[in-house]
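Engineer: Got a sequence here, can you build the structure:
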Amino acid sequence: MFPPDPQVVGLYITACASGKATGDKRPTSVSTIERRLSSLSWNFAQRGQPLDRKDRHIATVMAGIRNKHASPPRQKEAVLPEDLIAMLETLDRGTLRGLRDRAMLLLGFAGGLRRSEIVGLDIGRDQTDDGRGWAEVLDKGILVTLRGKTGWREVEIGRGSSDATCPVVAVQTWLKFARIAHGPLFRRVTGQGKVVGSERLNDQEVARLVKRTALAAGVRGDLPEGQRGKLFAGHSLRSGLASSAEVDERFVQKQLGHASAEMTRKYQRRRDRFRVNLTKASGL
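Structural biologist: You can find the predicted model right below:
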């Protein structure tokens, strides 16, 4: 096999962006082009012929494609505290599934957790091979220890102002009635919401839970039904905490595990973006 030619690769991604590389002649999205480029790089590397993506025939073309075709990132709607309370009211407190879902929403929101982090939790340390961390219930709250891309981090989730909205009480209630003492924290519930299995939940279940309860609670009811359905997912909980916590930004950044304050600000949706007015502060 011939070594990769950056100029040929550049022509290929140009054809993708123009739509000439696909059968239906529709332009390929920037994210798809980037994935295809990564796949090509991996494939060539496996053959011992690395592709130089920094070559001007590739880098320059890719930069032009991003400038012309890239669209702003689609951000999920933030679930604010009042939204979350309304979402909790849509859950059936008389079933184990309802208790589990209640604990997942409250823990995910208060911890600013990703959906994979929520379902990846165990009851205790080193209890499963596929776990991403564990949750320890203490007097003042829950200490969550997580394994991430850059190592381990701890998330402190304090008790709420009332039992109805307290993530600690919700988790304790779920564990008590589900009779779980070891292994995955959140599991599948069958038998009309009354039988707890041993299998860990898939992280897609978190996204579906947030979407289902948000729609049932009428969150963003000012928008058409079809549009509302695309607004909510697992990240709605993380952005909800970032948008509503009235504390120093550094604490929110630490809770979410962000390396920079700029990343934390990207999660802040429905809040006053201009609360710090540097124009007036400068004397204008």
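
Engineer: Going by C-alpha atoms from here, please, whenever you check contacts or count neighbours.
Structural biologist: OK.

Engineer: Partner strands of whichever helix or strand residue 143 is part of and their direction?
Structural biologist: Assessed by DSSP states H and E, residue 143 sits inside strand 141-148. The strands beside strand 141-148 in its sheet (DSSP bridges) come out as strand 133-137 (antiparallel), strand 151-158 (antiparallel).

Engineer: can you give me the helices in the stretch 51-200 of the chain?
Structural biologist: 56-69, 81-88, 96-111, 115-119, 167-178 (DSSP state H, counting those that start in this stretch).

Engineer: Can you add mean neighbour count and give those helices back as JSON lines?
Structural biologist: Listed next are the helices of the stretch 51-200 of the chain as JSON lines, based on neighbours: other C-alpha atoms under 10 Å:
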{"stretch": "helix 56-69", "mean neighbour count": "15"}
{"stretch": "helix 81-88", "mean neighbour count": "18"}
{"stretch": "helix 96-111", "mean neighbour count": "24"}
{"stretch": "helix 115-119", "mean neighbour count": "23"}
{"stretch": "helix 167-178", "mean neighbour count": "20"}
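
Engineer: where among these is the average confidence lowest?
Structural biologist: Looking at those, the lowest mean pLDDT belongs to helix 56-69 (a mean of 86).

Engineer: ok so, going back, and the strands paired with strand 141-148: which comes nearest residue 82?
Structural biologist: Within those, the stretch nearest residue 82 is strand 151-158; the backing value is 18.5 Å (C-alpha to C-alpha).

Engineer: What are the buried residues along that closest one?
Structural biologist: Using 16 or more other C-alpha atoms under 10 Å as the test for burial, strand 151-158 gives 154-158.

Engineer: what is the orientation angle of that strand with helix 167-178?
Structural biologist: Counting by axes from the mean of the first three to the mean of the last three C-alpha atoms, to 10 degrees, strand 151-158 lies at 100 degrees to helix 167-178.

Engineer: now could you export just the CA positions of strand 151-158 as CSV?
Structural biologist: Extracted in CSV, the C-alpha atoms of strand 151-158 (Å, rounded to 0.1, in the frame of the first residue of the first chain):
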residue,chain,number,x,y,z
GLY,A,151,-7.4,11.0,37.4
TRP,A,152,-9.5,10.7,40.5
ARG,A,153,-11.6,13.6,42.0
GLU,A,154,-14.0,14.0,44.9
VAL,A,155,-17.4,15.6,44.7
GLU,A,156,-19.1,16.8,47.9
ILE,A,157,-22.9,16.7,47.8
GLY,A,158,-24.4,18.3,50.9
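
Engineer: Nearest residue to the middle of this protein?
Structural biologist: residue 235 (3.7 Å; C-alpha atoms, centre = their mean).

Engineer: That one is in contact with residue 114, isn't it?
Structural biologist: Yes. Judged on C-alpha atoms under 8 Å, residue 235 makes contact with residue 114 at a distance of 6.5 Å.

Engineer: Look at stretch 123-130 and report the distance between its end residues.
Structural biologist: End-to-end distance for stretch 123-130, by C-alpha to C-alpha, to the nearest Å: 13 Å.

Engineer: tell me the angle the strand holding residue 143 makes with helix 96-111.
Structural biologist: Interaxial angle of strand 141-148 relative to helix 96-111 (the same axes, to 10 degrees): 80 degrees.

Engineer: residues in contact with strand 141-148?
Structural biologist: 117, 121, 132-137, 152-159, 168 (C-alpha atoms under 8 Å, 6 or more residues apart in numbering).

Engineer: again, 6 Å this time
Structural biologist: With contacts defined as C-alpha atoms under 6 Å, 6 or more residues apart in numbering, strand 141-148 is touched by 132-136, 152-159.

Engineer: can you check stretch 85-92 too?
Structural biologist: 98, 213-214, 217.

Engineer: re earlier: closest one to residue 30 among the strands paired with strand 141-148?
Structural biologist: Proximity to residue 30 (C-alpha to C-alpha) singles out strand 151-158 among those, at 30.5 Å.

Engineer: Pull the distance from that closest one to the chain's centre.
Structural biologist: Relative to its parent chain, strand 151-158 has a centroid offset of 16 Å by C-alpha atoms, centre = their mean, to the nearest Å.

Engineer: for stretch 141-153, same thing?
Structural biologist: With C-alpha atoms, centre = their mean, you get 15 Å for stretch 141-153.

Engineer: So which bits of that stretch are buried?
Structural biologist: Buried residues in stretch 141-153, counting neighbours by 16+ other C-alpha under 10 Å, are found at 141-147.

Engineer: Between all of the buried residues of strand 151-158, which two are separated the most?
Structural biologist: 154 and 158 (12.8 Å).

Engineer: Thanks again, I'm all set now.
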